[in-house]
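Trainee: sequence below, structure please.
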Amino acid sequence: MQETTKAIVLKTIKYGDSSLIVKLYTASSGLKSYMLNGVLSRKKGKFNKAHFLPLSQLEIVAQHRDKGNLERLTEAKLSYPYQSAHTHMAKNAIVLFLSEFLSNAIQEETENKALFSFIETALQWLDHEDQIANFHLFFLVEISKYFGFYPSDNHLDRPYFDLVEGDFCTQPGLNPHMAEPEISFFKSILGINFDKLNDIKMSQKSRRELISHLMVYYQHHLDGFKTPKSIHILNEVFS
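Mentor: Here you go, the predicted structure:
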């Protein structure tokens, strides 16, 4: 079935000398993969390889057979041309990290309009804002809502957060947990929106520690989740 839909580039894999396998998260059908034959060749073809940079936002026309194989992409154009996300060093580090994170975290070949809209809107905010040091932390916390394990906001007065149970507690048990000072920053992220991000003043060390805790949280709540290798680049950029 041919359909037109928005899509976000999660991952590309070189195939042969001139082709790419492109993994997209589509608004209409969730996760899909496509073969782009000859897109890396010097000859001008149907597709522009620059449109398939990490987390590029596209409008595509595709043939979806929904049989678990590579699908057919017939048209692709940018739906939102980034102004700085791929050229600003810190923003590009975030983009590379989040593209790897989303490629690990999203597995469903089903429509999820709320999740797609959140990712789309968040990336556009990143593109046009200047103060973005806390963006990836907020993104990781907020998107867990769409995966079904947003941290409980009950008992916010308690001094520890159990990363396995996803709840605040009075005493740390055997499970991995979060404590001060990172838990204060974690609490300040819960329930806010993008516009409040810059009010959170966090040290470089606390930022690194908090993202490390969040990776453990995801490992316990998403089957098969692996910490993105690009986290080291991200931490270096914000150090």
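Trainee: ok, so what distance separates residue 15 from residue 40?
Mentor: 9 Å (CB to CB, to the nearest Å). The C-beta positions use only the backbone N, C-alpha and C, and glycine is treated the same way.
Trainee: over to residue 115?
Mentor: 30 Å.
Trainee: could you pull out the strands for this structure?
Mentor: 2-15, 19-26, 30-36, 57-63, 72-80, 160-162, 167-169, 177-178 (DSSP state E).
Trainee: quick one: which of the ones you listed is nearest residue 50?
Mentor: For residue 50, the closest of the strands of the chain is strand 72-80, at 9.0 Å, according to CB to CB.
Trainee: for residue 181, which residues are in contact?
Mentor: Shown in contact with residue 181 (CB atoms under 8 Å, 6 or more residues apart in numbering): residue 206.
Trainee: for residue 112, same thing?
Mentor: 30, 146.
Trainee: so which of the strands of the chain comes closest to residue 123?
Mentor: strand 57-63 (6.8 Å).
Trainee: off-centre distance for that closest one?
Mentor: 19 Å (CA atoms, centre = their mean, to the nearest Å).
Trainee: could you list the paired strands of that strand along with their orientation?
Mentor: Next to strand 57-63 in the sheet, as set by DSSP bridges, lie strand 2-15 (antiparallel), strand 72-80 (antiparallel).
Trainee: quick one: the residue sitting furthest away from the middle of the chain from residue 18, how far?
Mentor: What lies farthest from the middle of the chain is residue 43; by CA atoms, centre = their mean that is 32.6 Å. In this view, residue 43 and residue 18 are 9 Å apart by CB to CB.
Trainee: what's the overlap in contacts for these two?
Mentor: Common neighbours of residue 43 and residue 18 (criterion: CB under 8 Å, 6+ apart): none identified.
Trainee: report pLDDT for residue 68.
Mentor: We have a pLDDT of 66 for residue 68.
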